[in-house]
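# attaching a predicted model along with its sequence, questions to come.
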Amino acid sequence: MEIITCHTNADFDALASMMAARKLYPDAHIVFPGAQEKSIREFFMRSTLYAMEFDRIKNIDMDKVTRLILVDTKNRDRIGKFAEIIDRPGLEIFIYDHHPFAGDDIRGSFERVEQLGACTTIFAEIFQKKKINLTPIEATIMALGIYEETGSLVFASTTPRDISAAAWLLSKGANLNIVADFITRELDAEQVSLLNDLLKSMSAYFFDGIKVAIATASTNRYVQDLAILTDRYATSRTWTSFSVWSGWRTGYTWWPGAA
């Protein structure tokens, strides 16, 4: 059994990457390892654009998994129950990711890891090279991945390759009206309060000549979509990079390329 999965609290980049990986591995099962961001849940409720078959992780017999295809992550702490089989002898692990390696990251028998603004860009480039066609619906979902992960191509992590990939997806019929509808999100009162706490607590440091801003905030209640706050925090500062750690159930977030 082949499994395609991503990180917990999946975003559009993870969703688009899983969809794209399925085109390369058509017999694989797509499985979310945990919860999805609110925007993804809304997408499934509101959209009839694309029917992807997803398997529930509780229905997967881990003993039968022979190949695990990870997209948009290689951190064992972010793949839920699949972390239990990572070290199993004989398991093939394929990795597609746009985050740089950390010391304790999962290593694969096949790795395509490139520091880009979005993981979806990797698949867009593969499709261009292999001349794999996309439907307008598929192109739209992939565009959602790139536009959300790069802040509509304005985050500092955006590369020329992300922009070229987005342009190619537009040529394949990606609908920017749909993209804008799903990635334009306003902060609610709780999120505004937490963002204000982050801004007030910010401290700046230099590491190897790079200016880094670190901020903390806490709450007794669960607040969804932490990534939105880090994006807003990023666009409100001029720092080259920064990190925000949170004790919420969402775990940690690193920006640029938060998830």
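Cool, got the structure.

# state the pLDDT value of the closest residue to residue 64 other than its chain neighbours.
Counting by CB to CB, 6 or more residues apart in numbering, residue 1 is the residue found nearest to residue 64 once chain neighbours are left out, at 4.5 Å. C-betas here are computed from N, CA, C, even on glycine. According to the prediction, residue 1 has pLDDT 94.

# just give me the neighbour total for the residue nearest to residue 102 when sequence neighbours are not counted.
Nearest residue to residue 102 in three dimensions, chain neighbours excluded: residue 75, at 7.3 Å (CB to CB, 6+ apart). Counted with other CB atoms under 10 Å, residues neighbouring residue 75 total 18.

# what residues does residue 75 make contact with?
For residue 75, the contacting residues are 7, 102, 104, 105, 106, by CB atoms under 8 Å, 6 or more residues apart in numbering.

# just the strands in the stretch 1-150 of the chain please.
Counting by DSSP state E, counting those that start in this stretch, the segments of the stretch 1-150 of the chain that form strands are 2-5, 29-31, 54-55, 67-71, 92-97, 110-113.

# worst mean pLDDT among the ones you listed?
Ranked on mean pLDDT, the bottom entry among the strands of the stretch 1-150 of the chain is strand 54-55, at a mean of 84.

# strands paired with it, and their directions?
In the sheet containing strand 54-55, its partner strands are strand 29-31 (parallel), by DSSP bridges.

# contact partners of the partner strand?
Contact partners of strand 29-31, identified using CB under 8 Å, 6+ apart, comprise 1-5, 18-19, 22, 52-57, 60.

# out of the residues you listed, flag the one nearest to residue 220.
residue 57 (29.1 Å; CB to CB).

# how close does residue 139 get to residue 145?
Distance, residue 139 to residue 145, using CB to CB, to the nearest Å: 11 Å.

# neighbour-wise, which of the two wins?
Neighbours around residue 139 and residue 145, counted as other CB under 10 Å, are more numerous at residue 145. The numbers are 31 against 22.

# from what I see, the more buried one and residue 21 are in contact.
No: proximity of residue 145 to residue 21 does not meet the contact threshold set by CB atoms under 8 Å, at 11.9 Å.

# how much space between the residue nearest to residue 64 and residue 120?
Between residue 1 and residue 120 the distance is 25 Å, computed by CB to CB.

# can you map out the helices along the stretch 101-250 of the chain?
Secondary structure of the stretch 101-250 of the chain, counting by DSSP state H, counting those that start in this stretch: helices at 119-130, 136-149, 160-171, 176-183, 189-201, 226-236.

# please work out which of these is packed deepest.
Stretch with highest mean neighbour count among the helices of the stretch 101-250 of the chain: helix 136-149 (a mean of 26; mean count of other CB atoms under 10 Å).

# report the angle between that helix and helix 119-130.
Compare the direction of helix 136-149 with that of helix 119-130 by axes from the mean of the first three to the mean of the last three CA atoms, to 10 degrees and you get 140 degrees.

# helices and strands around helix 136-149, which ones?
Packing contacts for helix 136-149, counted by 3 or more CB pairs under 8 Å, 6 or more residues apart in numbering; DSSP states H and E, involve helix 12-24, helix 119-130, helix 160-171, helix 176-183.

# so for residue 67, which of these sits nearest?
With CB to CB, the closest approach to residue 67 among the helices and strands packed on helix 136-149 belongs to helix 12-24: 11.3 Å.
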